[in-house]
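K.L.:
one predicted model, sequence on top.
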Amino acid sequence: MCLAVSAFVFLNASGKVLSGHGLDIAQIVWSRYLGGFLLMAFMFMPRQGLRVLRTRQPKLQIARSLLLVASSLLYFQGLSHIALPTAAAISFTSPIFITALAMPLLAERVGPRRWAAVVVGFVGAMVVIRPGMEGTHWAVSYIVASTTCSVLYQILTRRVAGQDDAATSAMYPVVLGTLVVSAFAFFEWSMPQTTLDWVIFASLGIFGGGGHYCLTKAYEYGPAAVISPFNYLQLVGATIMGYLIFGDFPDTMTLAGASIIVVSGLYIAHREGLRRRSAR
């Protein structure tokens with residue numbers, strides 16, 4: 001899980017660096033999905049071949065893949081304008097809203113304590129976003145839209161879990177992501193200008209694909225209630241990278257809102273762990 005968190009921090013920082021050096025968002029996302037596809041194909045296809053793409057839920061697999069692609073495009077678009085810690089803090093509201101939508105979309109029971117945590121997390125998000133206040137960057141809306149797509153993606157992922165193999169669910173987003181983004185990535189293509197830019201550009205797929213693979217293995221080996229809290233280390237990593245590379249440091253409001261979001265998310269993970277142990 002620590003490897004996954006580190007990979008995602010480097011992925012987001014790399015995308016922000018490349019967008020600042022004139023590369024189009026679509027080609028950044030294209031490199032991320034192409035590299036992820038090559039990595040997944042290397043891991044799964046030698047043993048399973050094209051059987052890895054067989055699914056009992058083709059519509060859900062396509063829908064969740066398109067949602068993840070949209071989330072990536074929107075996130076990197078927003079990240080090109082706002083600081084890494086701010087984007088990370090907003091994106092970490094996803095567990096809160098997944099909990100809120102679990103009852104209507106997944107028919108899961110959500111108790112009053114988790115509903116209270118959802119409300120508290122929403123307040124934290126409003127502290128970070130500060131809608132209508134002076135100084136709020138318009139690009140925050142891209143991160144909010146990206147998080148919405150990510151929430152729906154994760155809900156659909158829960159729907160297909162148990163019906164399709166984990167390798168199938170891992171392959172569909174990278175295959176469709178590569179195909180979809182390839183359709184328009186070359187319209188505004190800009191060549192990386194330096195050797196370092198080329199290295200960063202080529203590493204996007206390794207960070208993205210490798211991060212998701214490590215994430216999958218972490219949840220395979222450890223209980224979600226133990227593993228999930230490590231996600232919030234991304235906030236620490238994003239703050240460090242943002243300061244070292246871009247000279248950005250979150251202001252007091254962002255730190256306060258991020259703290260509220262983290263506490264709310266950790267409490268939801270704790271209650272989820274208790275609920276699952278009780279069910280077993």
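P.N.:
That came through, no problem.

K.L.:
at which residues are the helices of this protein located?
P.N.:
Secondary structure of the chain (DSSP state H): helices at 2-20, 25-48, 58-79, 84-91, 94-106, 112-129, 140-160, 166-182, 195-221, 224-227, 233-246, 252-279.

K.L.:
tabulate these (CSV), appending mean neighbour count and mean pLDDT.
P.N.:
Quick note: C-beta positions are derived from backbone N, CA and C, even for glycine. Compiled in CSV, the helices of the chain are given as follows (neighbours: other C-beta atoms under 10 Å; pLDDT from 0 to 100):
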stretch, mean neighbour count, mean pLDDT
helix 2-20, 21, 91
helix 25-48, 20, 89
helix 58-79, 21, 93
helix 84-91, 27, 87
helix 94-106, 18, 75
helix 112-129, 18, 83
helix 140-160, 20, 87
helix 166-182, 21, 90
helix 195-221, 18, 84
helix 224-227, 15, 66
helix 233-246, 18, 87
helix 252-279, 17, 80
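
K.L.:
closest to Trp189 out of these?
P.N.:
Comparing the helices of the chain against Trp189 with C-beta to C-beta, the closest turns out to be helix 25-48 (5.8 Å).

K.L.:
please name every helix or strand in contact with the closest one.
P.N.:
helix 2-20, helix 58-79, helix 166-182, helix 195-221 (3 or more C-beta pairs under 8 Å, 6 or more residues apart in numbering; DSSP states H and E).

K.L.:
among the ones you listed, which comes closest to Pro229?
P.N.:
Comparison of these against Pro229 by C-beta to C-beta identifies helix 2-20 as nearest, at 10.8 Å.

K.L.:
before we move on, the earlier item: redo the helices of the chain as CSV? Include distance to Glu188.
P.N.:
Output for these, formatted as CSV (distance: least, C-beta to C-beta, whole Å):
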stretch, distance to Glu188
helix 2-20, 12
helix 25-48, 7
helix 58-79, 13
helix 84-91, 22
helix 94-106, 29
helix 112-129, 29
helix 140-160, 17
helix 166-182, 12
helix 195-221, 15
helix 224-227, 38
helix 233-246, 23
helix 252-279, 31
